[in-house]
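Asks: Prediction below, plus the sequence it came from.
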Amino acid sequence: MATRLSTSNNRKMILTSAAVIAVGLGAYGLGRVYPPLGPSAGTVAPGQRYVSSQVSDKDVTLGDTSVPELMQTDAFEAMVHNPSFRALAQDANFQTLAQNPVAMSALAANAASFKALAANPESFRALAQSAQKLSANNGAASAVGTQAAMAMAANADSFKALASQPAALNAVASHAPVFAQLANYQPAMQVMLQNAAAFSKFGGNVASFQQAATNAASNGVMAQAGKSFAALAADAKAMGAIRNDAAFFQSLAANAAAFRGVSSNANFNQAFSAKMINAIATNQAAFQSISTNSNLLQSAVTQAQSINAAFGGNVGAAQALIGNAAAFQVFASQPAALSAVADHAAAFNAVAGHEAALQVMLQNAPAFANFSGNVAAFQQAASNAASNSVMAQAGKSFAALAADAKAMGAIRNDAAFFQSLAANAAAFKAVSTNANFNAAFNASALGAVAANANAFEKFAANARAVQAAATAAQALNVQAAAAAGRADAQAAQMAAVYPQAFAVMTQNSSAFMQLANQPAALQVFARNVNAFATLGHDANFQGLVTNAAFATAARSGDLANAVNATEASFGGGANKHSN
């Protein structure tokens, strides 16, 4: 590849000087390029790329070539030639933001969610503080929250109906064992809810209620569902649940208006189905808590409906998304990678058990293209991984993969697997860096996609839908976790008002707290939201900023030097991007 950086005499001087320095930094580390793999492998000479002489001993240890190697990547090459990136990088405060790559990557990938918030540093700080508290104190509540979130997504319309009367939801959650039994006697339960005040007299006298239900025809109210009441009275387990809850009838009467509002014929079947009541009973504490915060409840219901709609009501796929929200948040920045995984779900799921090998394949996808149509050659190369410069990075893992008959069979049955890797190389490289790989390509996430492959194939084809549903899933998880962990009032309110931003912050609370203490760096994002939004879905940008050496490059000044050198070669003509 001919150099794109040597377009002036000054540029030639930079590169000539840099070449001398390169020897000191390790010429192999700077100039290496992996040869293609497979039966037709050959060697291609690398093109000239930017090399800096500015890396100091404060930034890297002896023998550490991570920064110069970063500068030889396709992602770095692409970004220093990207006008938007160059324009941003001219701002000294961008260099500060770049030293917090976790926050910068998250901001760019979720720019719309942070747009209004970033313009108000005080609100941003308050949200970061709340996210940090929730992240530090939630613990087991996260798992409980995920279960509650799944229940909401699986019953989105039911929760919407019941959430219109939060007091009714709170009463159901507070007396869940009784409602779970009453759910088996729907006509009787509806009569009780529509005439709640009439049942207050049975408080503390369950025997009287049982007798009246047995003779329902003699009771003007119960007679409306006589057979159902008689069956309820004869059910020892149901009567035992009522007997064990002394406050049940008082709760009915105290919330009579709320119950009447959600138990009309138009709402009852949706709000009080056995499935819905059991979902609440299974997550009793979480729903008791969330029902006391109307704003949080309504926001959570909105997220649940968004997720449900994204999959056309496919409950399994919606629950898979919620159960692996962190993985899909990573994929949301690169929908092409998710689409490829869904299209080749069986192969990815099979290889998932060999994580080290999978990561090497994703980080070096073009090198595996030559194995297309020749799985035997791949298996042979993997068996002798030490002899291959790429596979040697995870030799034991590749050897184990080669010996895994089931995994090799899955790859053999997918003729387009290796072509798909190569065709989506940039996207895969961006989502499989060390910062992202474990979140995106864990066995649980890949298994979830494989189990719902058809739904995810359709879903991944719509980039906007992927982004919206992924952020909704993460937000719903955090909102439910906040409720399950009984977060303080400020955290609960923040989760309701800024659901997506709050969810992203809780996943990276330390990074966002650091950014909250650097308002000038935050304002770089606030002034250039649209530019960051575009970069956030650029595979090269995400691949660059999630590289472990990126922060070091920003701190050492190498990033700025590379951008300035490229800017000079373009005659200083980059345009500033602001909003």
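Replies: That came through fine.
Asks: How is the chain divided into domains?
Replies: With automatic domain parsing as the criterion, the domains of the chain are listed as 1-100+549-579, 110-155+294-343+458-517, 161-272, 353-441.
Asks: Need the nearest residue in space to N244, chain neighbours excluded.
Replies: Distances taken as CB to CB, 6 or more residues apart in numbering put P177 closest to N244, at 7.3 Å, once the chain neighbours are dropped. C-beta here means a position set from N, CA and C on the backbone, and glycine is covered the same way.
Asks: and the one you found, what helix or strand is that in?
Replies: Taking DSSP states H and E as the criterion, P177 maps to helix 176-182.
Asks: Residues contacting stretch 532-549, please?
Replies: Contact with stretch 532-549 is made by 66-67, 69-70, 73-76, 78-79, 82, 84-85, 88, 98, 101, 104-105, 107-112, 333-334, 336, 426-427, 429-431, 433-436, 463, 525, 550, as judged by CB atoms under 8 Å, 6 or more residues apart in numbering.
Asks: switch to 6 Å and redo it
Replies: 66-67, 70, 75-76, 78-79, 101, 104-105, 108-109, 111, 333-334, 426-427, 429-430, 433-436, 525, 550 (CB atoms under 6 Å, 6 or more residues apart in numbering).
Asks: Next one, pLDDT for the residue of the chain positioned farthest from its centre please.
Replies: The centre of the chain is farthest from one residue, S218, which by CA atoms, centre = their mean lies 57.3 Å away. With respect to pLDDT, S218 scores 94.
Asks: burial of the residue nearest to it when sequence neighbours are not counted, as a residue count?
Replies: Among residues not flanking S218 along the chain, A212 sits closest, at 7.8 Å (CB to CB, 6+ apart). By other CB atoms under 10 Å, 19 other residues sit near A212.
Asks: Likewise for T433?
Replies: 23.
Asks: and it, what is it in contact with?
Replies: For T433, the contacting residues are 546-547, by CB under 6 Å, 6+ apart.
Asks: Ok, V466 next?
Replies: Taking CB under 6 Å, 6+ apart, one finds 332, 335 in contact with V466.
Asks: where's it, which helix or strand?
Replies: V466 belongs to helix 463-484 when assigned by DSSP H and E.
Asks: Show me how far that helix is from its chain's centre.
Replies: Put simply, helix 463-484 sits 7 Å off its chain's centre (CA atoms, centre = their mean, to the nearest Å).
Asks: In PDB, could you pull the C-alpha coordinates for it?
Replies: Output in PDB follows, covering the C-alpha atoms of helix 463-484 (Å, rounded to 0.1, in the frame of the first residue of the first chain):
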ATOM      1  CA  ALA A 463     -29.100  -0.800  12.900                       C
ATOM      2  CA  ARG A 464     -31.400   1.700  14.600                       C
ATOM      3  CA  ALA A 465     -33.400  -1.000  16.200                       C
ATOM      4  CA  VAL A 466     -30.300  -2.700  17.500                       C
ATOM      5  CA  GLN A 467     -29.100   0.500  19.200                       C
ATOM      6  CA  ALA A 468     -32.500   1.400  20.600                       C
ATOM      7  CA  ALA A 469     -33.300  -2.100  22.000                       C
ATOM      8  CA  ALA A 470     -29.800  -2.600  23.400                       C
ATOM      9  CA  THR A 471     -29.900   0.700  25.300                       C
ATOM     10  CA  ALA A 472     -33.500  -0.100  26.400                       C
ATOM     11  CA  ALA A 473     -32.300  -3.500  27.700                       C
ATOM     12  CA  GLN A 474     -29.500  -2.000  29.600                       C
ATOM     13  CA  ALA A 475     -31.700   0.700  31.000                       C
ATOM     14  CA  LEU A 476     -34.400  -1.700  32.100                       C
ATOM     15  CA  ASN A 477     -31.800  -3.900  33.800                       C
ATOM     16  CA  VAL A 478     -30.400  -1.000  35.800                       C
ATOM     17  CA  GLN A 479     -33.900   0.300  36.700                       C
ATOM     18  CA  ALA A 480     -35.000  -3.100  38.000                       C
ATOM     19  CA  ALA A 481     -31.700  -3.500  39.800                       C
ATOM     20  CA  ALA A 482     -32.100  -0.100  41.400                       C
ATOM     21  CA  ALA A 483     -35.600  -1.100  42.600                       C
ATOM     22  CA  ALA A 484     -34.400  -4.600  43.800                       C
END
